[in-house]
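**Q** task: produce atomic coordinates for the following.
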Amino acid sequence: LIASGDFCGACHTEGYDASMSKAESRQHVQATFSEWKESWYGRNDVTCQDCHLAPDPATYVRQIRSGDLRKPERYAHNFVGANYLMFDTSLGTNLTFLRGGIVPGLSDAKNTELIAGQGEATWALLRSAAGLSLRETTIEKDRLRFAVAVQNLGAGHNLPTGVVDQKYMWLEVIVRDGEGTEIYHSGAFDAVRGETDPDAVTWREDFIDAEGKRIPDHLTFITAAISHVRPGVPAKDEDVVTYETRIPPQVKGPFSLKAKLWYRVATQEFAY
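**A** This next block holds a predicted model:
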């Protein structure tokens, strides 16, 4: 059974109804399994196991991206995914607590070594999943308009996927003039406070209570409805985001654009 995508689908399909929440009709919270099954990957027998249980998941994803659909020669049970937090060794004893202690039979040093390796594989897999592409730029009088395509290049399901009221993705863009002065910034991240620009273009779902208010702390049993700030990007698809800003007087080009796609496993509201 573990060799089948059905094994993964048993957990990676989730819905809320009146038996467990305030929802009057069934709410689809997580559809990772169906996202995969209905995608190019599902149709071409590229399974969950092929990517997440490959000895080097990121390398295998890039192999698939190149058109080579050969299966891995062997599989590993590391189950590399997207939860980078669980492999952040800089957390020290806090990480040990989050992970429920050290695996029996391992020394602290060996445990840290294995976790660090898993963390590198996790980061590499995340980076292999997405891409950014500039699709349009126009300047008319004092207005600059541009579009950035957020591409799902390597994930066999939506990007992001799962229960994404906490883990989310957002786009940061910075435009500078010919002298390097910043004239537009959207999606900034405050690394000191851990806060994201509230106006950033964000891919996340929201849990809504019976009064129509967003639930920031994952209290599933009071959820009445599910909505999306912006739905995840399907496999081998893209979401084009358009921006427009005023160009200040006397500002000269050429203009430069820096775009960065961020991913985080929890909102700062939840952390607080």
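
**Q** all strands for the stretch 51-200 of the chain, in order.
**A** 130-140, 143-152, 168-176, 182-186, 189-190, 195-196 (DSSP state E, counting those that start in this stretch).

**Q** which of these sits closest to Trp203?
**A** Trp203 lies closest, by CB to CB, to one member of the strands of the stretch 51-200 of the chain: strand 168-176, at 4.4 Å. Yep, even glycine has a C-beta here, placed from its N, CA and C like the rest.

**Q** tell me the angle of that closest one relative to strand 130-140?
**A** Going by axes from the mean of the first three to the mean of the last three CA atoms, to 10 degrees, strand 168-176 is angled at 40 degrees with respect to strand 130-140.

**Q** what's in contact with strand 168-176?
**A** With CB atoms under 8 Å, 6 or more residues apart in numbering as the test, strand 168-176 has contacts from 144, 146, 148, 150, 159-160, 182-189, 196-197, 200-204, 229, 232, 241, 243, 245, 255-264, 267.

**Q** filter those residues to the buried ones?
**A** 144, 146, 148, 150, 159-160, 184, 186-187, 189, 196, 200-204, 229, 232, 241, 243, 245, 255, 259, 261, 263-264, 267 (16 or more other CB atoms under 10 Å).

**Q** excluding its backbone neighbours, what's nearest the spatially most central residue of the chain?
**A** Compute the mean C-alpha point of the chain, and by CA atoms, centre = their mean the closest residue is Pro160, 3.7 Å away. Nearest residue to Pro160 in three dimensions, chain neighbours excluded: Met169, at 4.9 Å (CB to CB, 6 or more residues apart in numbering).

**Q** what's the neighbour count on that neighbour?
**A** Number of residues near Met169 (other CB atoms under 10 Å) recorded here: 21.

**Q** same check on the one 10 residues further on?
**A** Residue neighbour count, defined by other CB under 10 Å, stands at 8 for Glu179.

**Q** how about Gly212?
**A** Neighbour tally, Gly212, other CB under 10 Å: 9.

**Q** how close does it sit to Val164?
**A** Gly212 sits 20 Å away from Val164, taking CB to CB, to the nearest Å as the criterion.

**Q** try Ser39
**A** Counting by CB to CB, the separation of Ser39 from Val164 is 17 Å.

**Q** got it, and Arg214?
**A** Note on Arg214: its distance to Val164, by CB to CB, is 14 Å.

**Q** returning to that earlier point: turn the strands of the stretch 51-200 of the chain into a markdown table, including distance to Ser107 and mean pLDDT.
**A** Formatted as a markdown table, those follow (distance: least, CB to CB, whole Å; pLDDT from 0 to 100):
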| stretch | distance to Ser107 | mean pLDDT |
| --- | --- | --- |
| strand 130-140 | 36 | 94 |
| strand 143-152 | 40 | 97 |
| strand 168-176 | 36 | 98 |
| strand 182-186 | 46 | 96 |
| strand 189-190 | 36 | 96 |
| strand 195-196 | 38 | 94 |
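
**Q** I'd like those as CSV, with distance to Glu120 appended.
**A** Listed next are these as CSV, based on distance: least, CB to CB, whole Å:
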stretch, distance to Glu120
strand 130-140, 18
strand 143-152, 22
strand 168-176, 21
strand 182-186, 30
strand 189-190, 22
strand 195-196, 25
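
**Q** and the ones you listed: which comes nearest Thr89?
**A** Across the strands of the stretch 51-200 of the chain, Thr89 has its closest neighbour in strand 189-190 (21.8 Å, CB to CB).
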